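Colleague: next come a sequence and a model predicted from it.
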Amino acid sequence: LFRLKYKVMSNVRALVKPPITRLDGIESIENMLGVLQKPYATANTELDAVVRDYVKGDSMKQISWKLSAKANTLKVRKETGEEKQGVVLVGDTKRYSKQDKEFLPKENKLLELMSSIGIYLAEKSVTYTAYYNQNGMVSKRVEGISLYQEYYNALCKVRFQDTNNFNKTMSQLMKQGILIDAKIVFVICQELDVEILSSAKKLSDAGTKVVIYV
């Protein structure tokens, strides 16, 4: 019925949340996702089953009771793909420009990719861990759709800074063996260079599937 106008006397802090784009599929890794989701083969006998020591948080359904009794300690069946530990997302949080028109579109798109790939994997019941730099390495593990919101809320608070060197982030994750141990690695970067491609080749040679988004 009426309109009031007033001048804002100071800066207003606003949190702009990245969009969540629902993906019908990710063509480059559909077959690999099938391997990750494949349940443990029931045809294997207890003696043939590949097991490891029980770790707090493991599902009780995965415990091999016969082998646990034989070893006198809890043993858990390894799931398919557990030798390589599932899926890793690596996000580039470096600020590459001082001009809003240059850095905002790239940074917004990067967060959209991080969130959209994340919800796609979560809805497929694929466990993954996302890594990115915030003046120190941040990792967010998502096990199913119930934990996706926590991951998304963290993405909403990501700060891009010129000190967040992406090649150093990749190098650190390579040295720690986190990327080598993964089944699939999503590299989501703002700029592609020789170092990223070199890391991708090393991972590919080690049997890790690499998907790069620029």
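Modeller: Arrived safely, thanks for sending. In this text the structure is predicted, and so the values were computed from the model without any measurement. Numbering: from 1, shown residues only.
Colleague: what sits against Arg141?
Modeller: 127-129, 147 (Cβ atoms under 8 Å, 6 or more residues apart in numbering). C-beta: built from backbone N, CA, C; applies to glycine.
Colleague: check which helix or strand covers it.
Modeller: Assigned by DSSP states H and E, Arg141 falls within strand 137-142.
Colleague: mean confidence for the helix or strand that that strand is followed by?
Modeller: Where DSSP H and E defines the elements, the next helix or strand beyond strand 137-142 is helix 148-156. Averaging pLDDT along helix 148-156 gives 94.
Colleague: tell me what helix 148-156 is packed against?
Modeller: With contacts defined as 3 or more Cβ pairs under 8 Å, 6 or more residues apart in numbering; DSSP states H and E, helix 148-156 has these neighbours: helix 100-123, strand 137-142.
Colleague: could you pull out the strands for this structure?
Modeller: With strands called from DSSP state E, the chain shows them at 51-53, 75-77, 87-91, 128-133, 137-142, 184-188, 209-213.
Colleague: residue ranges with poor pLDDT in the protein?
Modeller: Scanning the chain for pLDDT under 70 picks out 28-50, 57, 78-85.
Colleague: okay, the strand holding Arg141 in PDB with CA atoms only?
Modeller: Output of strand 137-142 as PDB, limited to C-alpha atoms (Å, rounded to 0.1, in the frame of the first residue of the first chain):
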ATOM      1  CA  MET A 137      43.100 -28.100   5.100                       C
ATOM      2  CA  VAL A 138      39.400 -28.700   5.700                       C
ATOM      3  CA  SER A 139      37.800 -32.100   5.200                       C
ATOM      4  CA  LYS A 140      34.100 -33.000   5.200                       C
ATOM      5  CA  ARG A 141      33.100 -36.600   5.100                       C
ATOM      6  CA  VAL A 142      29.600 -37.300   3.800                       C
END
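Colleague: before we move on, back to that, for Met114, find the nearest of the strands of the chain.
Modeller: For the strands of the chain, the distance to Met114 is smallest for strand 87-91, at 5.1 Å, taking Cβ to Cβ.
Colleague: strand partners of that closest one, parallel vs antiparallel please.
Modeller: Strand 87-91 pairs in its sheet with strand 128-133 (parallel), strand 184-188 (parallel), by DSSP bridges.
Colleague: angle of the shortest one against strand 209-213?
Modeller: Regarding strand 184-188 and strand 209-213, their directions subtend 20 degrees when assessed with axes from the mean of the first three to the mean of the last three Cα atoms, to 10 degrees.
Colleague: the inter-axis angle of strand 184-188 versus helix 100-123?
Modeller: Using the same axes, to 10 degrees: strand 184-188 against helix 100-123 is 160 degrees.
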